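*Asks:* Need a 3D model of the following:
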Amino acid sequence: MTLKTGIAQLNFVVGDMAGNAQKIIDAARKAHAEGVRLLLTPELSICGYAAEDLFLRPSFIAACDDAVKTVARELAGLKDLTVVVGHPSGGDERTKSVAVQRRHNAASVIRAGEVTHTYAKRELPNYQVFDERRYFTPGTGVCVFEAGGIRVGLIICEDAWFDEPARLAKEAGAQVIAIPNASPFHVGKGGERIARMAERARAVGLPLIYAHLVGGQDEVVFDGASFAVQADGSLAVRAQSFREQLPTMALRLDNGHVVIEGKVEPDRTPEADLWDALVLGVRDYIGKNGFPGALLGLSGGIDSALVLAVAVDALGKDKVRSVMMPSPYTADISWIDARDMAARLGVRYDEISIVPQFEAFKASLANEFRGLPEDTTEENIQARIRGTLLMALSNKFGSIVLTTGNKSEMATGYCTLYGDMAGGFAVIKDVAKTTVFALARWRNANDPYGTGSNPIPERIITRPPSAELRPDQKDQDSLPPYEVLDAILERYMENDQSAAEIIAAGFDKADVERVTRLIRINEYKRRQAPVGIRVTHRSFGKDWRYPITSKFRA
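*Replies:* Next up is the predicted model:
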C-alpha cells in the first residue's frame, strides 16, 4: 500500500485570507492531478505567520474560519484527497474581553468538503521572536486521522521538539507523524531542524514529515526546505530552500511500518542560504507592501555595495536606483568604484553633491559654533543631508529607501540617527561586518539569480572601510578591528556570555569593556532603526529587549 503525499511549501501573506486560501486550493488541485492523496500545508497557512496582535481581534479569527470553510467547499469534489490546513481557531465575537477568549494555533483535516479533525498546538514557544503564549491557549488533545489506509498523527511545529505530543500520537495509533511548521530562518537552522527531528523520529519510532513555510514577513524569513525523515532518523526527502515548491513523496506501508521514498535536494553552503534569505527578505517586504522599487545611497564602500547587489538580485535592475552623494571628503576612488558597480549591475545611477547643503548648514550654525572645533557634529550633518535627500526621492517617487548599516555598526552606534539610519528597510542590520566581506566575496564568485557575475569591484572589498566624513577617516580609528569586535559581539550579544567570560577566553579587557559599553549606551539608536532582516539566532529587535534607561552594570 502506497500513499502519495505532497507538501504545499508556499509563500503566504499575513492577513490575506482569501489569497492564501486560493493558493491552497490551487496547490491542492495541482497535487491531486499528480496523484497526491494527502497534502500538508504549513503552520497557520490560512492567515500567514505571524499575525501578531491581529490574533487578538475576533473579526480576524472569524475571517480565518471563513477561509477554512472556503477551502473545504472548493475541494469538496476531490473526495479522495485529504488536506491539512493551518489556522487560528477560537475567539468569540460575543466575548468583548480578549483576556477571557481561548484561541488556539490549530490545524484542521479537510476531506470531501468537511473538516473531519482539528488539532490544537500543545507546546507554545515564547522565546526569540516567538510570542505564542500572548495569543494562544495550549491544546490538550491528540489527533490521528486516516488517509489512504495509513494512520497519520498530527502535531504542530514546537510540539515536535518535545517528547509527549509525538508519543501520544503513536499511542493513539499513528504510523507516521505530520508536522506543519513556520520556523524562522537563521544561519545553521536547517541542519538543527533535521537533527532534532531525526532525534524525535528515533525516540518515537515513527517517520516524520516536516511541512515548512517559505517567504519573508517583516524581519523574519522562512526558508522552506521541507523534509521527511525515516523512523531511524535518516533523511528521506528534502525540498528546495527559499523557493515555493510542491514536493511529493511516497508513503509505503511495509509490514505495518511506513517507509518514505522521495527526492533529497543537495546540501547548501551557509553563504548561499544567507544570500537567499536576504534576497527573499527584500523581495517580499517590498512586494507584499506594494512599493514600486527601492533606492539607496551608494558610497563606494562595501556595505552599500552589498545591499545594492542584494536589491538587484531581489527586484531586478529596473526597480533599483542608486544615488552617490559626495561630500568634501569623498575620495576619488569612491566615485570611480560606485560608478563602476552601478554600471556592472545596470542600475540607474545619479550623483548629487552635498557640498552646497553642507556649507549652508555650517554657515547657519556659525554663530552658535563660534570658537568650537569641528567634531562628530559636522560629520553627522553630512549623513543627515544624505538621509534627507534619499527620503525626498522616496517621497516623490514612492520607492523605499534601503539602509546600509550592518550589525557591527548597529551594535556600537557607529551610525547616525536621521542620517544613514534614515530609511524604510535595513537589509543587513543583522549581518556582522566580517560576514559582509565574506558575502561580497561569495557573491562575486556566484551569480545565483542571473543578474551579473562579479558585481562588486575588488577595490571595494579590499580597501579599508571608511565613513568618509572627515579627512583620512578609517572605521578602525573609532572601533576595534572588526575581527575582534564581531567576535566579542557574537559572544556577548548573541550567546549571552559575560564580559568576564569573554576576557577569560583571551580577549583584551579594554576591547571587551569598550565594545560592551558601546552596545549598552546605543540602545536608544537601535530602537529608532528601520525594521530589517533577521538572519542570526539573535538579532537586534524582537530577540533583544533591553531597557534604554538602566543603571545596571554587570
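
*Asks:* quick one: Thr496 from Ile502, how far?
*Replies:* Let me fix one detail, which is that residue 496 is Asp and not Thr. 11 Å (Cβ to Cβ, to the nearest Å). No exception for glycine: its C-beta is placed from N, CA and C like everyone else's.

*Asks:* Compare those two (neighbour count), which wins?
*Replies:* Under the criterion of other Cβ atoms under 10 Å, the comparison of Asp496 against Ile502 puts Ile502 first, with 23 against 9.

*Asks:* Kindly confirm whether my reading is correct that that one touches Arg491.
*Replies:* Yes: Ile502 is within contact range of Arg491, at 5.0 Å (criterion: Cβ atoms under 8 Å).

*Asks:* so what are the domain limits for this structure?
*Replies:* Following automatic domain parsing, the chain resolves into domains at 2-268, 272-475+522-526, 480-520.

*Asks:* Generate TSV for these, with mean pLDDT and distance to Pro547 as supplementary columns.
*Replies:* TSV is the format used below for the domains of the chain (pLDDT from 0 to 100; distance: least, Cβ to Cβ, whole Å):
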stretch	mean pLDDT	distance to Pro547
domain 2-268	95	19
domain 272-475+522-526	94	7
domain 480-520	96	10
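
*Asks:* for those domains, which one sits closest to Phe540?
*Replies:* Smallest distance to Phe540 across the domains of the chain (Cβ to Cβ): 5.0 Å, for domain 272-475+522-526.

*Asks:* First-to-last residue distance for the closest one?
*Replies:* Terminal residues of domain 272-475+522-526 lie 28 Å apart, using Cα to Cα, to the nearest Å.

*Asks:* Which element, helix or strand, includes Asp284?
*Replies:* Secondary structure from DSSP states H and E places Asp284 in helix 270-288.

*Asks:* If you count neighbours, what's buried in that helix?
*Replies:* Residues 271, 273-286, 288 are the ones in helix 270-288 that count as buried (16 or more other Cβ atoms under 10 Å).

*Asks:* what does stretch 387-394 rub up against?
*Replies:* 295-297, 321, 323, 325, 352, 354, 399-401, 416, 418-424 (Cβ atoms under 8 Å, 6 or more residues apart in numbering).

*Asks:* now do 7 Å
*Replies:* Applying Cβ atoms under 7 Å, 6 or more residues apart in numbering, the contact partners of stretch 387-394 are 295, 297, 323, 325, 352, 400-401, 418-420, 422-423.

*Asks:* Show me which of those residues is closest to Glu43.
*Replies:* The closest of the contacts of stretch 387-394 to Glu43 turns out to be Ile400 (Cβ to Cβ; 28.6 Å).

*Asks:* if we can go back for a sec, so which of the domains of the chain gets nearest Phe552?
*Replies:* domain 480-520 (9.1 Å).

*Asks:* from the middle of its chain, how far away would that closest one be?
*Replies:* Computed by Cα atoms, centre = their mean, to the nearest Å, the chain-centroid distance of domain 480-520 equals 26 Å.

*Asks:* for the stretch 151-300 of the chain, what spans make up the helices?
*Replies:* Ranges of helices in the stretch 151-300 of the chain, per DSSP state H, counting those that start in this stretch, are 163-171, 189-204, 270-288.

*Asks:* Indicate which one of those helices is closest to Leu56.
*Replies:* Taking the helices of the stretch 151-300 of the chain one by one with Cβ to Cβ, helix 270-288 is closest: 21.7 Å.

*Asks:* Show me what that closest one is packed against.
*Replies:* Using 3 or more Cβ pairs under 7 Å, 6 or more residues apart in numbering; DSSP states H and E as the contact test, the elements touching helix 270-288 are strand 214-217, strand 220-223, helix 302-315, helix 433-445.

*Asks:* how about 10 Å then?
*Replies:* helix 189-204, strand 214-217, strand 220-223, strand 294-297, helix 302-315, strand 400-403, strand 425-426, helix 433-445 (3 or more Cβ pairs under 10 Å, 6 or more residues apart in numbering; DSSP states H and E).

*Asks:* Now tabulate these in a markdown table and tack on mean neighbour count.
*Replies:* Supplementary listing: the helices and strands packed on helix 270-288 in a markdown table, determined by neighbours: other Cβ atoms under 10 Å:
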| stretch | mean neighbour count |
| --- | --- |
| helix 189-204 | 18 |
| strand 214-217 | 25 |
| strand 220-223 | 26 |
| strand 294-297 | 27 |
| helix 302-315 | 26 |
| strand 400-403 | 24 |
| strand 425-426 | 26 |
| helix 433-445 | 19 |
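
*Asks:* Just put those in a markdown table and tack on distance to Leu124.
*Replies:* Formatted as a markdown table, the helices and strands packed on helix 270-288 follow (distance: least, Cβ to Cβ, whole Å):
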| stretch | distance to Leu124 |
| --- | --- |
| helix 189-204 | 17 |
| strand 214-217 | 19 |
| strand 220-223 | 17 |
| strand 294-297 | 36 |
| helix 302-315 | 33 |
| strand 400-403 | 34 |
| strand 425-426 | 29 |
| helix 433-445 | 32 |
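
*Asks:* so which of these gets nearest Phe55?
*Replies:* Nearest of the helices and strands packed on helix 270-288 (Cβ to Cβ): strand 214-217, 14.0 Å.

*Asks:* Tell me how far that closest one lies from the chain's centre.
*Replies:* Offset of strand 214-217 from its chain centre (Cα atoms, centre = their mean): 7 Å.

*Asks:* Use 51 as the first number for this chain going forward.
*Replies:* From this message on, residue numbering opens at 51, which makes the last subject strand 264-267.

*Asks:* would you list every one of the helices in the stretch 451-600 of the chain?
*Replies:* Assigned by DSSP H, counting those that start in this stretch, the helices in the stretch 451-600 of the chain fall at 457-462, 483-495, 508-512, 532-539, 549-554, 559-571, 573-576.

*Asks:* Please work out which of those is packed deepest.
*Replies:* helix 457-462 (a mean of 26; mean count of other Cβ atoms under 10 Å).

*Asks:* Show me what that one packs onto, helices and strands only.
*Replies:* Against helix 457-462 (3+ Cβ pairs under 10 Å, 6+ apart) you get helix 483-495, helix 532-539, helix 559-571, helix 573-576.

*Asks:* could you redo the last one with a cut-off of 8 Å?
*Replies:* With contacts defined as 3 or more Cβ pairs under 8 Å, 6 or more residues apart in numbering; DSSP states H and E, helix 457-462 has these neighbours: helix 483-495, helix 532-539, helix 559-571.

*Asks:* Columns distance to Ala112 on top of these, output as CSV?
*Replies:* Output for those, formatted as CSV (distance: least, Cβ to Cβ, whole Å):
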stretch, distance to Ala112
helix 483-495, 44
helix 532-539, 45
helix 559-571, 44
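
*Asks:* Tell me which of those lies nearest to Ala78.
*Replies:* helix 483-495 (37.6 Å).

*Asks:* and the angle for that closest one with helix 532-539?
*Replies:* With axes from the mean of the first three to the mean of the last three Cα atoms, to 10 degrees as the basis, helix 483-495 and helix 532-539 are set at 120 degrees to each other.

*Asks:* What is helix 483-495 packed up against?
*Replies:* Short answer (3+ Cβ pairs under 8 Å, 6+ apart): helix 483-495 packs on helix 320-338, helix 352-365, helix 457-462, helix 508-512, helix 532-539.

*Asks:* Show me what the first one is in contact with.
*Replies:* Contacts with helix 320-338, where a contact means Cβ under 8 Å, 6+ apart, come from 61, 63, 235, 237-238, 240, 264-269, 271, 273, 291-292, 343-344, 360-361, 363-365, 450, 452, 475, 477-478, 481, 485, 488-489, 492-493, 496, 498-499, 583, 585.

*Asks:* Kindly recompute the last result at 7 Å.
*Replies:* Helix 320-338 is contacted from outside by 63, 235, 237-238, 240, 265-266, 271, 273, 291-292, 344, 360-361, 363-365, 450, 475, 477, 488-489, 492-493, 498, 583, 585, using Cβ under 7 Å, 6+ apart.

*Asks:* Nice, that's everything, thank you.
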